[in-house]
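Trainee: Need a 3D model of the following:
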Amino acid sequence: MSIAELFALIAALFVVIGSVFVLLATIGLLRLPDLYTRMHAASKAGAIGSGLLLIAIALVAQDGAVTIRALFGLVFIVLTTPVSAHLLARAAYRVGLRPHSTTRLDELADYTPPRS
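Mentor: Prediction:
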């Protein structure tokens with residue numbers, strides 16, 4: 001087995017695992033009860049799935065520029081997904097969208113934001 005075949009096999013494994021994570025994120029978006037749990041599913045599983053797909057692209061790319069773009073895309077997703085999910089959830093909470101009734105812990109329930 002050559003190095004190229006080994007990279008192709010590892011990339012195929014990353015594609016399958018990444019696709020499963022993206023599928024789980026999609027199921028989470030459809031089945032979870034409120035914005036916060038849906039956002040959690042989409043941001044975590046979506047970022048992992050997309051990251052694995054980009055790693056697979058980097059492994060099989062014949063062109064170095066494609067590999068670099070895939071790795072930059074991976075870094076961008078890893079850095080921006082948690083921040084954007086947090087900011088969107090915080091904005092939704094501030095405009096009055098409360099968690100589902102089955103949510104056990106609401107740490108912001110007693111918090112009143114300062115008026116600006």
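
Trainee: So for the protein, the centremost residue is which one?
Mentor: Centroid check for the chain by Cα atoms, centre = their mean gives residue 47 as the closest residue, at 2.4 Å.

Trainee: host element of it?
Mentor: Secondary structure assignment for residue 47, by DSSP states H and E: helix 35-60.

Trainee: And that helix, how far out from the chain middle?
Mentor: 4 Å (Cα atoms, centre = their mean, to the nearest Å).

Trainee: Just list what the next helix or strand after that helix packs against, helices and strands only.
Mentor: As assigned by DSSP H and E, the chain's next helix or strand after helix 35-60 is helix 64-94. Applying 3 or more Cβ pairs under 8 Å, 6 or more residues apart in numbering; DSSP states H and E, we find helix 64-94 packed against helix 35-60. The way it works is simple: take the backbone N, C-alpha and C, and place the C-beta from them, glycine included.

Trainee: The helix it packs on versus helix 64-94: what angle between them?
Mentor: Helix 35-60 runs at 180 degrees relative to helix 64-94, counting by axes from the mean of the first three to the mean of the last three Cα atoms, to 10 degrees.

Trainee: Could you double-check that residue 47 sits in contact with residue 76?
Mentor: No. With contact defined as Cβ atoms under 8 Å, residue 47 does not reach residue 76; the gap is 10.4 Å.

Trainee: show me what contacts the closest residue to residue 20 other than its chain neighbours?
Mentor: Nearest non-adjacent residue to residue 20, counting by Cβ to Cβ, 6 or more residues apart in numbering: residue 49, 7.4 Å away. When contacts are counted by Cβ atoms under 8 Å, 6 or more residues apart in numbering, residue 49 touches 18-25.

Trainee: again, 6 Å this time
Mentor: 18, 21-22 (Cβ atoms under 6 Å, 6 or more residues apart in numbering).

Trainee: ok, and for the helix holding residue 47, which residues are buried?
Mentor: 35-39, 41-60 (16 or more other Cβ atoms under 10 Å).
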